[in-house]
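**Q** Sharing a model prediction with you, sequence too.
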Amino acid sequence: MDSTQKISHLALDIGGTLIKLVYFSANGDYSEESRNGCSVVHGKLCFAKFETRKIDDCLEFIRFNILHHSGVQHPNGAAHDKLYVKATGGGAFKFADLFKEKLGILFDKEDEMHSLVGGVNFLLKTVPREAFTYLDGQKEFVEIDHNDLYPYLLVNIGSGVSMIKVDGDGKYERISGTSLGGGTFLGLGKLLTKCKSFDELLELSHHGNNRVIDMLVGDIYGGTDYSKIGLSSTAIASSFGKAISDGKELEDYQPEDVARSLLRMISNNIGQIAYLNALRFGLKRIFFGGFFIRGLEYTMDTISVAVHFWSRGEAKAMFLRHEGFLGALGAFTSYNNQSHNDLKSHHHTVQRAILNCSGDNFRHIPVTSNLNDSETIECSINLV
Ligand code: ADP
């Protein structure tokens, strides 16, 4: 980060597995235009994430990259009773004392669900080409009609999964969820494959074949479809079902195949539960977010196929480019209503946002890339 960069307005979402950061970085010259008594500052929203278990890395990042660039005279790690930042997620409670002690930062806590919904609404209304569908290997951006956005179902796949029916700005209800989420995939994946990280598990799954372990309809029906009830021979009848009768031990399976079956099982299940909840409330649009997805085509395809299959094409699964930063963005946008001093002691509104992407088409994103961290959003903010 260059030393002339001006950073302000940090927001954190501290989850069970990952800490997500969003902060505003003003353009190099820090140009401010005055308009109706407000200063308009141009810059971009930047993103970063850290594993919650490595929280010290996050503290260091904030100390060296953000506090030093925030224009705040900050005593060396000593408590500073006026330095508030927006924070959401369970860790906003769990780690409040740690941030105060190590960085002198006080958390202005925002509700987790409220932040998630705020983040999605902000993205859908402000950032062009944010939402897209993924089906049959085709990614397509979705035009969002601001007058016809609600209601929709938000499915946030983090460590666990929350399903939220959204009816408007600040109008939402958590209608369901499941504990079989990204944490289950990573936890079981580590136990079963001995991999060390999420990226490694994804990489394994990329090279695996789920048919080695999953019991397919064709395995039961001698290779044919069960067409009378609409099941093809390749449909999964039982995830991991082949392990019952294969006479093999875990070591006899390739970790790649295990990872693939696991990813398929979790994604399928979430897609199906999401569809059932959409059906309960007559919702046709389902947005999927959370860091479990990581822009991975196989995951998105599995979820999309599950939604398409069960809804007979009636409901649509959509994904978000900034999928992992929904809560942090929601907390960030809540600076609008703030009453405390933040890093720059100003109120602000995020005025307009332009997605900074290279060309109109999606890039192919390799499995191990830090997809979201590089996707800044150009925007300007009003300082009042
Ligand atoms: P939470 O707020 O519960 O931490 P997130 O939306 O941050 O939820 O998603 C966490 C999930 O994202 C993990 O359970 C895992 O499945 C997945 N994930 C993606 N990238 C990583 C990573 N680098 N390290 C650990 N988990 C990751």
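**A** Cool, got the structure.

**Q** who's in contact with stretch 216-227?
**A** Applying C-beta atoms under 8 Å, 6 or more residues apart in numbering, the external contacts of stretch 216-227 come out as 231-237, 241-242. Heads up, the C-betas are built off the backbone N, CA and C, glycines and all.

**Q** Quick one: buried ones out of these?
**A** 231, 233, 236-237, 241-242 (16 or more other C-beta atoms under 10 Å).

**Q** Residue 285: which of the residues you listed is nearest?
**A** residue 236 (26.0 Å; C-beta to C-beta).

**Q** which residues does the closest one bridge with?
**A** residue 216 (DSSP bridges).

**Q** Please report the number of neighbouring residues for residue 276.
**A** Around residue 276 there are 13 other residues, counting by other C-beta atoms under 10 Å.

**Q** so which strand or helix has it?
**A** helix 255-281 (DSSP states H and E).

**Q** so what secondary structure elements neighbour that helix?
**A** If contacts are counted by 3 or more C-beta pairs under 8 Å, 6 or more residues apart in numbering; DSSP states H and E, helix 255-281 sits against strand 152-157, strand 161-168, strand 171-178, helix 182-193, helix 198-206, strand 285-289, helix 297-311.

**Q** Residue 184: which of the contacts of stretch 216-227 is nearest?
**A** Nearest to residue 184 among the contacts of stretch 216-227: residue 236, at 17.1 Å, using C-beta to C-beta.

**Q** Which residues are in contact with that closest one?
**A** Per C-beta under 8 Å, 6+ apart, neighbours of residue 236: 210, 214-217, 264, 268.

**Q** what stretches of the stretch 201-350 of the chain score poorly on pLDDT?
**A** Judged by pLDDT under 70, the stretch 201-350 of the chain has its weakly predicted residues at 336-350.

**Q** I'd like to know which residues of it are adjacent to the ligand.
**A** Proximity of the stretch 201-350 of the chain to the ligand is confined to 290-292, 294, 324 under the rule C-beta under 6 Å from any ligand atom.

**Q** quick revisit: out of the contacts of residue 236, which comes closest to residue 246?
**A** Nearest to residue 246 among the contacts of residue 236: residue 215, at 9.9 Å, using C-beta to C-beta.

**Q** Give me the nearest residue to the closest one, chain neighbours excluded.
**A** Spatial nearest neighbour of residue 215, excluding adjacent residues (C-beta to C-beta, 6 or more residues apart in numbering): residue 241 at 2.8 Å.

**Q** hang on, isn't the one you found packed against residue 210?
**A** No. Using C-beta atoms under 8 Å, residue 241 is not in contact with residue 210; the gap is 11.1 Å.

**Q** just curious, which of the contacts of residue 236 is nearest to residue 277?
**A** Each of these was scored against residue 277 by C-beta to C-beta, and residue 268 proved nearest at 15.2 Å.

**Q** list the contacts for the closest one?
**A** 236, 239, 302-303, 306 are the contacts of residue 268 under C-beta under 8 Å, 6+ apart.

**Q** try 10 Å this time
**A** Listed by C-beta atoms under 10 Å, 6 or more residues apart in numbering, the contact set of residue 268 reads 214, 236, 239, 302-303, 305-306, 309.

**Q** If you rank the residues you listed by neighbours, which is first?
**A** residue 303 (28 neighbours).

**Q** Check whether that one really touches residue 287, as I assumed.
**A** No. Counting by C-beta atoms under 10 Å, residue 303 stays clear of residue 287, with 11.2 Å between them.

**Q** before we move on, back to that, which of the helices and strands packed on helix 255-281 is buried the deepest?
**A** Comparing the helices and strands packed on helix 255-281 by mean neighbour count (mean count of other C-beta atoms under 10 Å), strand 152-157 ranks first with a mean of 26.
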